[in-house]
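Asks: compute the structure for the input listed below.
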Amino acid sequence: MVRTGTRIILLALVIACAAGAAEPLPNFVIIYIDDMGYADIGPFGAQGYSTPSLDRMAREGRVFTDFYVTQAVCSASRAGLMTGCYNVRVGILGALNHRADYGIHSDEMTLAEVVKQKGYATACYGKWHLGHHPKFLPTRHGFDEYFGLPYSNDMWPYHPTAGKDYPDLALIEGLRVVDRQVTPKDQEQLTTKYTERAVKFIERNRNRPFLIYLPHSMVHVPLYVSKKFRGRTSRGLFGDVVEEVDWSVGRILDTLRKYGLERRTLVIFTSDNGPWLSYGDHAGSAGPLREGKGTMFDGGCREPTVMWWPGRIPAGTTTSEPAMTIDILPTIAGLVGARLPGHPIDGRDIWPLISGASGAKSPHEAYYFYWNRELQAVRMGDWKLHFPHTYRTLAGRPGGSGGKPVPYDEGSVALSLFNLREDAGETRNVAAAHPEVVARIERLADGMRADLGDSARGVKGAGTREPGRLTPEDRRFYWAPGRPVEVEAR
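Replies: Take a look at the predicted model:
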């Protein structure tokens, strides 16, 4: 007969052994490129330059051919990734600039705050673009470290069409301005500086779980590249810049391998929206997809995406199941056992799809595509229905050259149904042949309108939330663009 004290000791040993054998929490690296087109990397058909690191990442990981962002513009797209919500739900639209007096709300739970529940080290290096005032910056929203630009790298006095409208561009570390006047030479080093910060963060935190968000300023115009990559490609400056981005990916993956972290780390590579086509030879390519940045055709919101986790994600595989950045937050929460926000979010856990589980499908009946507050399209399975709307287009004209854009025309689309599996370019309207599909998607759209609204139909929506806004007290503690000062910590 085993005495009670002995039983307690044995039970404690069993628990200790089980805890010691538990799998360590995974690391996460999310690489978010700015304005990269669907066909801008090797796994998606890039030409005129090479992306060996991303090619290898695809061979060792999984390619997502139908991966979307919530809206094809900077801040809106980032809001969807950070919160797991359609950006319309959280009140972040368009691209915030130096005049914006709002940003991400403190009540929203970011990706960083999700993993913070489990003791993660967190860092953001790059373009934030969810509010430039201190209360909106990354270190106020779950990130231990931040180094980067508060918004797009063209929001400065050198802007080719609106330079006089912008103040000097500042580089921020934490809550402090560390460079009050970013110059073209400074921009040449941005990709390198962001990357080296990320590498050092991995080295410092290799013995604990970490999350790195690496939102590169490139390949957004104006394009800048370091000397080590200048003039290397037949595609010109744009190709040089993409090759440096690929180098950055390689540095991250090599560092993970160096410290034996590759089998404990999920790396996600994607973009915030499609190519800014009006910039021509300084813009990327959407390949077979229609239009680009600023439209909710697939060329604007369907992104080149690769995910990598040796031993957990099947190597050399591809999925054409639809997925979206809103799904990353709940997927990470599921992987680490963290609680989700108490308020509604729109994303779903897509780990079965990422890990290649047999028969895995998208957990969503449909995805919804807003431009500003107008519901313009819905994707259900292989079908995508566009509601009548206008959009910007070059209408077949070439874009600009040398960093100078050409103006867009305005196009319009009638109620149109496309089968994306057969017609990725959204060119053949088959609505008349499939009225039952149109009717089903319209019913889904009506449900979403009741939740998130639709400005085209005058519907407000009951499920939207306000963004964070500046108060008079907040205005005492911010760096003023044009006369940046050191921020006082509150």
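
Asks: pLDDT averaged over the longest helix along the chain - what is it?
Replies: Determined from DSSP state H, the single longest helix within the chain is helix 237-258. For helix 237-258, mean pLDDT rounds to 98.

Asks: C-terminal to it, what's the next element?
Replies: Using DSSP states H and E, the helix or strand that follows helix 237-258 in sequence is strand 265-271.

Asks: just the angle between that following strand and helix 237-258, please?
Replies: Angle, strand 265-271 to helix 237-258, by axes from the mean of the first three to the mean of the last three C-alpha atoms, to 10 degrees: 170 degrees.

Asks: neighbouring strands for strand 265-271, and are they parallel or not?
Replies: Sheet pairing of strand 265-271 (DSSP bridges) gives strand 27-33 (parallel), strand 302-308 (antiparallel).

Asks: and for it, what's in contact with it?
Replies: Residues outside strand 265-271 that contact it (C-beta atoms under 8 Å, 6 or more residues apart in numbering) are 26-37, 40, 54, 57, 61, 67, 69, 249, 252-253, 256, 303-309, 312-313, 325, 328, 332, 335, 354. (Each C-beta comes from the backbone N, C-alpha and C, glycine too.)

Asks: please apply the same query to stretch 309-318.
Replies: Residues outside stretch 309-318 that contact it (C-beta under 8 Å, 6+ apart) are 26, 58-65, 262-263, 265-267, 307, 354-356.

Asks: give the buried residues for that stretch.
Replies: Within stretch 309-318, the residues scored as buried using 16 or more other C-beta atoms under 10 Å are Trp309, Pro310, Arg312, Ile313, Pro314.

Asks: which helix or strand contains the fourth one?
Replies: Element membership of Ile313 [criterion: DSSP H and E] is none; it lies in no helix or strand.

Asks: could you do the one 5 residues further on as well?
Replies: Assigning secondary structure by DSSP H and E places Thr318 in strand 317-319.

Asks: whatever helix or strand comes next after that strand packs against which elements?
Replies: Next along the chain after strand 317-319, taking DSSP H and E as the criterion, comes strand 323-324. Packed against strand 323-324 by the contact rule (3 or more C-beta pairs under 8 Å, 6 or more residues apart in numbering; DSSP states H and E) you find strand 62-68.

Asks: ok and the strand it packs on relative to strand 265-271, angle-wise?
Replies: Using the same axes, to 10 degrees: strand 62-68 against strand 265-271 is 40 degrees.

Asks: beyond strand 62-68, next helix or strand please.
Replies: Following strand 62-68 in sequence order, the next helix or strand is helix 74-83 (DSSP H and E).

Asks: and that next one, average pLDDT?
Replies: 98.

Asks: which residues touch it?
Replies: So helix 74-83 is contacted by 30, 32, 34, 69-71, 85-87, 89-90, 92-96, 104, 108-111, 127-130, 141, 151-152, 215, 220, 272-273, 324-326, 328-329, 345 (C-beta under 8 Å, 6+ apart).

Asks: Met57 against Thr305, yeah?
Replies: No. Using C-beta atoms under 8 Å, Met57 is not in contact with Thr305, being 10.8 Å away.

Asks: for the strand or helix carrying Val178, packing partners?
Replies: Val178 is located in strand 176-179, with elements delineated by DSSP H and E. Using 3+ C-beta pairs under 8 Å, 6+ apart, the elements in contact with strand 176-179 are strand 171-173.

Asks: rewinding a little: dump the strands paired with strand 265-271 to a markdown table, plus mean neighbour count.
Replies: Output for the strands paired with strand 265-271, formatted as a markdown table (neighbours: other C-beta atoms under 10 Å):
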| stretch | mean neighbour count |
| --- | --- |
| strand 27-33 | 25 |
| strand 302-308 | 27 |
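
Asks: in CSV, list these along with mean pLDDT and distance to Arg449.
Replies: Below are the strands paired with strand 265-271 laid out as CSV (pLDDT from 0 to 100; distance: least, C-beta to C-beta, whole Å):
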stretch, mean pLDDT, distance to Arg449
strand 27-33, 99, 29
strand 302-308, 99, 23
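
Asks: looking at those, which is nearest to Lys193?
Replies: Of all those, it is strand 27-33 that lies closest to Lys193, at 15.0 Å by C-beta to C-beta.

Asks: now the angle from that closest one to helix 74-83?
Replies: For strand 27-33 against helix 74-83, the angle by the same axes, to 10 degrees is 170 degrees.

Asks: between the helix or strand following strand 27-33 and strand 27-33, how big is the angle?
Replies: Counting by DSSP H and E, the element after strand 27-33 in chain order, helix or strand, is helix 52-60. For helix 52-60 against strand 27-33, the angle by the same axes, to 10 degrees is 130 degrees.

Asks: helix 52-60 - contacts with which helices or strands?
Replies: Packing contacts for helix 52-60, counted by 3+ C-beta pairs under 8 Å, 6+ apart, involve helix 237-258, strand 265-271, strand 302-308.

Asks: Arg475 is nearest to which of these?
Replies: Arg475 lies closest, by C-beta to C-beta, to one member of the helices and strands packed on helix 52-60: strand 265-271, at 34.0 Å.

Asks: need phi/psi at Thr393.
Replies: Taking degrees, to the nearest 10, you get phi -160, psi 150 for the backbone angles of Thr393.

Asks: for beta bridges, what are the partners of it?
Replies: Assigned bridge partners for Thr393, using DSSP bridges, are Asp409.

Asks: dump the residue contacts of it.
Replies: Applying C-beta under 8 Å, 6+ apart, one finds that Thr393 lies in contact with Glu291, Thr295, Tyr408, Asp409, Glu410, Gly411.

Asks: neighbour-wise, which one of those leads?
Replies: Counting neighbours by other C-beta atoms under 10 Å, Thr295 comes out on top of the contacts of Thr393 with 29 neighbours.

Asks: that one: what secondary structure?
Replies: Assigned with DSSP: H, G, I helix; E, B strand; the rest coil, Thr295 falls in the coil class.

Asks: burial measure for the residue lying closest to it once chain neighbours are set aside, as a count.
Replies: In this structure, Thr295 finds its nearest non-sequential neighbour in Tyr391, 4.6 Å apart by C-beta to C-beta, 6 or more residues apart in numbering. As a burial measure, Tyr391 scores 20 neighbours (other C-beta under 10 Å).
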